[in-house]
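Student: output the structure for:
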Amino acid sequence: MLQKREKVLLLRTFQGRTLRIVREHYLRPCVPCHSPLCPQPAACSHDGKLLSSDVTHYVIPDWKVVQDYLEILEFPELKGIIFMQTACQAVQHQRGRRQYNKLRNLLKDARHDCILFANEFQQCCYLPRERGESMEKWQTRSIYNAAVWYYHHCQDRMPIVMVTEDEEAIQQYGSETEGVFVITFKNYLDNFWPDLKAAHELCDSILQSRRERENESQESHGKEYPEHLPLEVLEAGIKSGRYIQGILNVNKHRAQIEAFVRLQGASSKDSDLVSDILIHGMKARNRSIHGDVVVVELLPKNEWKGRTVALCENDCDDKASGESPSEPMPTGRVVGILQKNWRDYVVTFPSKEEVQSQGKNAQKILVTPWDYRIPKIRISTQQAETLQDFRVVVRIDSWESTSVYPNGHFMCEMPVNTPESPWKVSPEEEQKRKDLRKSHLVFSIDPKGCEDVDDTLSVRTLNNGNLELGVHIADVTHFVAPNSYIDIEARTRATTYYLADRRYDMLPSVLSADLCSLLGGVDRYAVSIMWELDKASYEIKKVWYGRTIIRSAYKLFYEAAQELLDGNLSVVDDIPEFKDLDEKSRQAKLEELVWAIGKLTDIARHVRAKRDGCGALELEGVEVCVQLDDKKNIHDLIPKQPLEVHETVAECMILANHWVAKKIWESFPHQALLRQHPPPHQEFFSELRECAKAKGFFIDTRSNKTLADSLDNANDPHDPIVNRLLRSMATQAMSNALYFSTGSCAEEEFHHYGLALDKYTHFTSPIRRYSDIVVHRLLMAAISKDKKMEIKGNLFSNKDLEELCRHINNRNQAAQHSQKQSTELFQCMYFKDKDPATEERCISDGVIYSIRTNGVLLFIPRFGIKGAAYLKNKDGLVISCGPDSCSEWKPGSLQRFQNKITSTTTDGESVTFHLFDHVTVRISIQASRCHSDTIRLEIISNKPYKIPNTELIHQSSPLLKSELVKEVTKSVEEAQLAQEVKVNIIQEEYQEYRQTKGRSLYTLLEEIRDLALLDVSNNYGI
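Tutor: Sure thing, here's the model as predicted:
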């Protein structure tokens, strides 16, 4: 039965007024406890998450611990955490929206073993606040009382550890209830998690910051800033008009001198001010930080100052030399802060000389935020010299009136690579790794403008005449330690998001585009796989896995590599590494590079031929590159041009992924991350079979081998687009490829249908995929296991890995959906400003690939567009084509057949459209007020469009296998039959993405920065 109570709340409105609200508060005998030990699961009605059943205790943090140590509580190793409603509300009211949203997201995240218990609605847990009792004491008492009830509710079967920073509470409650332990958070980490290094370092940093802050407050004999006024005084002042509420905006060009308060709420309506309020100098800013909601008192008009208009040579100067006074504007001073906008800041450590000049206590360091608008932050650390070459992430803890600067603690560090402090290979790593810098010609082949270079290749002839093929992948795990701040963020993002004109990186740019990226001419750490191949048959004799040091000799783009492969050596003028060489060296290095590309391609052809013999599918996807001009306007839409060198690189990556999958599964059969591709349902192939039948082709879909052979044979010599469309339909029929933990599936379910391999994973792109980071750690652990060495770091259990795989799969689908929507948006933007009636580019050739009752589906090869074209409009008129083949709308009817549709007018004219017919199409934009714009296709002629000569270069060639590949395939099949060798192999979906910098033409996609993207379930990806 519910019990009624009354609760009095004092709430502050957006306008600054205080409201006294009396709410009815109902207590319940049962609220969800979310524990698997619950004796009454039906009564508790558990919804959502349950706490893990394999923990040794539950931990309940006090309100102060939640506020100060939330980033430690986010560590996934900490399990069985129960957040009390009382503690969560304290965070909401005392730490602001940003911290509270972070806590809410933690509770929602299925990967974290934590739950919310609504203790203030449970009859036995609710405690009214006693007269004269402070809010802090009541909160601690309520949380302890709820902890005791929870322990008894679980029938005393699970010990409870309450962590608090209140020494009086520890003394009072420490031994009061058997089974409920009350200790400090530091004590908890020392006893229960002694090996969790990152958590201990973060805890020490927070504790040190607090101690320094307390000591400074005791030692200070004067105040640097006036105290902030009490909240009730501020609210009364805002209401009366004496004070003004607004948001502080700091001038980044004069950050030490100028800030402005933009009026907010009632202040903007009730005030006579027509401009922002100038806050001149740090004293007047009174410890407020850019973005804070502040309360301002206007100064007398004779103290008003003008906006600075002169250039400033030194940001710390109070005045720029030669400054002419500007018109005085309303000027004020901050008297209080209503809402802090503190967040995490990237900062730079001072040089050794600056550290020495900062004073006697070298443990107190002033770090400089990357954002000019944020003041220097004092942190306490004993690693000042160690961290001089790093940028770190710092969080502000407080800013006392006795301190010139705010106090904070650092959370994670990032390496620095600048001209003044270049990154270098450490001597320790040089001893541990195989050095390939002088022995191997290593180079990368990527799209133009690529910055996040994950992979490089090498090939050379060994002394015994055999070949050595090497795939060298960026060693991201060297820089991203397990459960570090960067690792947790990368795990949350799971993938890099590639959009039409930009990308959103999974890792910070200092790693993704610099220190981890295998750029040309610089030393980099890599994880390498090197195979010894038979010089004639290319059969694999040996394989080696390990960490290496490489120096990529060339950073090639696909088109240049293809030109070299084709024998066009004039392209070397576009390769920067050749520009400063003399003719003799240039010729020698060019011959070496051309041989390497040719040999790689030859090896890839043979490996691909073996895969083809086992049923590897060659699928077709439409990928469009958006070309932007110098002003970031859309210049053109260019479908990707298929090149043989694409397949060369992809084949090497597939080979590496396959061999790594076998290696980690052999070492960790129940906790390896692999990638599976289930066979598609046969009914999904029905449209493919019917369309192929219209052209006289038979598609056998009984297995991946028969499907691959059927698609190879479905070639129309007069129209190569037919094969592309059939392969595209086969792609649409496929199931999604998914990551999984090997402990959750039987071995026969590991198979990858599209690539026909028994085991497959993703290893080759750790800069842009978190799955690859996990696989790298598994591979390193497998190597250590082989060497009988201790495995560093804890690997994911099968359960945790399965949850992680589910999260990564969801993020990947969201990324694919975002990329698709971004491409569609740019396609619309490209045609939006063009007049379909006069613009030549709005007329294009289209191919019918599906028949509907009132129209057809078209593919526009020139722009990679798929869409519908109606043959019957909203007025009931049907399309008619006269003797000149031009279309018009007339009364009539449509008759649909299996492979064609006929439009017949009332005066007897008829026109028939068949599958794979080429028609002339007009492209326009269908605008919508409520939804996104869409592309509208209209058939204007039943004859193919004659392509102007200027556009011929954009037509993509069919992605067909060369005669050489077919010949090699045949020889391999014969060899397999003779030796009765069974091989299972697959092909990986290979995509390239345009990567450009600069402002986008659309601003809505800026919201994707927080990666709150849509999840979808109907997208295909291998």
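
Student: avg pLDDT for the host helix or strand of residue 662?
Tutor: Remark: residue 662 resides in helix 644-667, with elements defined by DSSP states H and E. Taken as a whole, helix 644-667 carries a mean pLDDT of 94.

Student: go through it and flag the buried ones.
Tutor: By neighbour count, with 16 or more other CB atoms under 10 Å as the criterion, the buried positions of helix 644-667 are 644-665, 667. Glycine gets a C-beta too; all of them are placed from N, C-alpha and C.

Student: just stretch 132-146 next, same as before
Tutor: Of the residues in stretch 132-146, those buried by neighbour count under the rule 16+ other CB under 10 Å are 139, 140, 141, 142, 143, 144, 145, 146.

Student: surely the last one forms part of a helix?
Tutor: Yes: the assignment for residue 146 by DSSP: H, G, I helix; E, B strand; the rest coil puts it in a helix.

Student: contacting residues for residue 335?
Tutor: Under the criterion of CB atoms under 8 Å, 6 or more residues apart in numbering, the contact list for residue 335 reads 226, 228, 229, 234, 237, 243, 286, 295, 296, 297.

Student: give me the element it is part of.
Tutor: When elements are assigned from DSSP H and E, residue 335 belongs to strand 332-339.

Student: and stretch 835-843, how far out from the chain's middle?
Tutor: When distances are taken as CA atoms, centre = their mean, to the nearest Å, stretch 835-843 is centred 38 Å away from the chain's centroid.

Student: in it, what's buried?
Tutor: For stretch 835-843, the buried set under the neighbour-count rule, 16+ other CB under 10 Å, comprises 836, 841, 842, 843.

Student: so what touches it?
Tutor: Applying CB under 8 Å, 6+ apart, the external contacts of stretch 835-843 come out as 831, 834, 920, 921, 922, 923, 924, 940, 945, 948.

Student: and residue 740, how many residues sit next to it?
Tutor: One way to gauge burial is a neighbour count; for residue 740, by other CB atoms under 10 Å, it gives 19.

Student: which SSE is residue 105 in?
Tutor: Residue 105 belongs to helix 85-108 when elements are defined using DSSP H and E.

Student: figure out how far the helix or strand following that helix is from the centre of its chain.
Tutor: Toward the C-terminus, helix 85-108 is succeeded by strand 114-117 as the next helix or strand (DSSP H and E). Using CA atoms, centre = their mean, we find the averaged C-alpha position of strand 114-117 to lie 27 Å away from the chain's own average C-alpha position.

Student: try stretch 904-922
Tutor: Between the centre of stretch 904-922 and the centre of its chain there are 47 Å (CA atoms, centre = their mean).

Student: on that earlier part again, can I get the buried residues of stretch 835-843 in TSV with pLDDT?
Tutor: Shown next, in TSV, are the buried residues of stretch 835-843 (pLDDT from 0 to 100):
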residue	pLDDT
836	83
841	83
842	89
843	90
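
Student: for residue 795, state which of the residues you listed is nearest.
Tutor: When the buried residues of stretch 835-843 are compared for distance to residue 795, the smallest value, 54.4 Å, is given by residue 841; criterion: CB to CB.

Student: roughly how far apart are the closest one and residue 834?
Tutor: 7 Å (CB to CB, to the nearest Å).

Student: check what contacts stretch 734-744 and list those residues.
Tutor: Residues external to stretch 734-744 that are found in contact with it (CB under 8 Å, 6+ apart): 619, 665, 668-681, 684, 750, 752-754, 762, 771, 796, 798, 801-802, 805, 808-809, 813, 989, 1019-1022.

Student: buried residues of that stretch, list them for me.
Tutor: By neighbour count on 16+ other CB under 10 Å, the buried set for stretch 734-744 is 734, 735, 736, 737, 738, 739, 740, 741, 742.
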